[in-house]
Structure formats: structure tokens, C-alpha cells
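Enquirer: I would like to see how this sequence folds:
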Amino acid sequence: MRGRITQRRWLAAGAALVIIGGLAFILLLAAFDRYTIEGSTRPVLRLHATDGRSIRLVAPYGRRHLLFFFLVSCPHCHETMEHLRRVRDAATGCDVFVVSLSEPAATAAFAADRNEPFPIWTISPHDALVDLGIRRVPTVLFVSETDRVDLMRVGRRSFAEDSVMIIRYCNGGSSGLSAVDSFGEDGTPGELGDASGRAVNDRNLTNERTAPLSVR
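Expert: Take a look at the predicted model:
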């Protein structure tokens, strides 16, 4: 009899631990999902070019810059990239880093086919998630001269909204919303799990010769 009672107590204790552990895991996931790098300092980033070159985007960078993260398979990302191309000559105060989270081979094919006016880099989805909290695309980070992430924008917007935000920020304005923003067209952000700039300022980059990053 005592053995049965002891066994029941062990089972109850085990069930309680499982429930408590599950609740803690859910709370941890919820907290992480709310995490944003907005307002924090951008960490040093290691980016890879489609030809095998690698750079470290160091801090302090010394200029305002935009970090645009996309997937080759994301149509909303293509729209945002087109917006960046259309405003690049007016947004002279920013350097633009276009960063793919797709596999290097797919990114290289995409870059060759599109012939974009800015270099396209790659980063692993894991590094983008851990270092920057990038969970969906398209995402644009507006980063100050002192490497503070002033704004993190996720999802598709209208060209009117994007152009006002980018030009104003890059030419010395704030990252706050404007009256034009009320006309923005939200798009459903692409999930990273769905995936199978202007010339940068050389004094702020450390070049390395490496093989392209293999992203699984």
C-alpha cells in the first residue's frame, strides 16, 4: 500500500514539473517574440558577398545606414527593394545594406538576374534571429551614426510611406511616423521558415576572404 502511495506521489510530482516546465517555456517564447532590437545598439555583423568575400560591419560605423533583410522567395521583399532603388539617389545621408537570408546559391542567382545597383550580402537566419531579432521579412532597420537602431519596420508598405520615411531619416530627420504613414498598405510578413546600397564606407568595414556561408 505504501509503495502505491509513494508511486502516486512521484507521478504527481513529475506531472507538476512537466506542467511548470511547459508554462515556463511558453512564457519564454512569448517574451522572445516581443523582443525587438529597436532602441538598442547594433552589434557587429559579419556579412558575406555572393563572390565569397566577407566583411565585418563594425561599430561605431559613423554614418546612418539602413539594413534591409529579405528572402529571395518573398514577393513583398521585392517591392521594398524596388522602393529602396527608387529613393537611393535622394537618400544621400545613408549607406544601404541589402541582406539576404536565403541560401548563398539562391541569393547569387537572384543578384545576377536582378542586377541591383547595390551589393547584396547574405547572413544566416540563425545569426539574424539571435543578433537582431529578425523573425519575419521584409524588415528594415534604421540605424543612427552611433549604431543605435532607431526603428525596426516589418512588412510591406506603400512607396509613398517608404519614400517619406527613408528620405527623411537618411537626410537627418527623425524616424517617427508621418501623416503619409496612414496611407501605408500593410503586407503579411513572410515567415523565415518559408525560404527553401549604395557603396559602403570602406573605412568602417573589415574585409575577409572566406568561402560563402552555407545556410541550411
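Enquirer: domain ranges for the protein?
Expert: Using automatic domain parsing, the domain parsing of the chain gives 1-34, 45-209.
Enquirer: which of those domains comes out lowest on mean pLDDT?
Expert: Comparing mean pLDDT over the domains of the chain, the weakest stretch is domain 1-34, at a mean of 52.
Enquirer: can you give me the helices in the protein?
Expert: According to DSSP state H, the chain carries its helices in the segments 2-34, 75-87, 104-114, 125-132, 159-170.
Enquirer: show me what counts as buried in the last one.
Expert: Of the residues in helix 159-170, those buried under the neighbour-count criterion (16 or more other C-beta atoms under 10 Å) are 161, 162, 163, 164, 165, 166, 167, 168, 169, 170. (C-beta placed from N, C-alpha, C; glycine too.)
Enquirer: excluding chain neighbours, what is closest to the third one?
Expert: Counting by C-beta to C-beta, 6 or more residues apart in numbering, the nearest residue to residue 163 once its immediate chain neighbours are dropped is residue 87, at 5.0 Å.
Enquirer: what does residue 106 give?
Expert: residue 72 (4.9 Å).
Enquirer: gap between the one you found and residue 139?
Expert: 15 Å (C-beta to C-beta, to the nearest Å).
Enquirer: for residue 170, same thing?
Expert: With distances taken as C-beta to C-beta, residue 170 is found 17 Å from residue 139.
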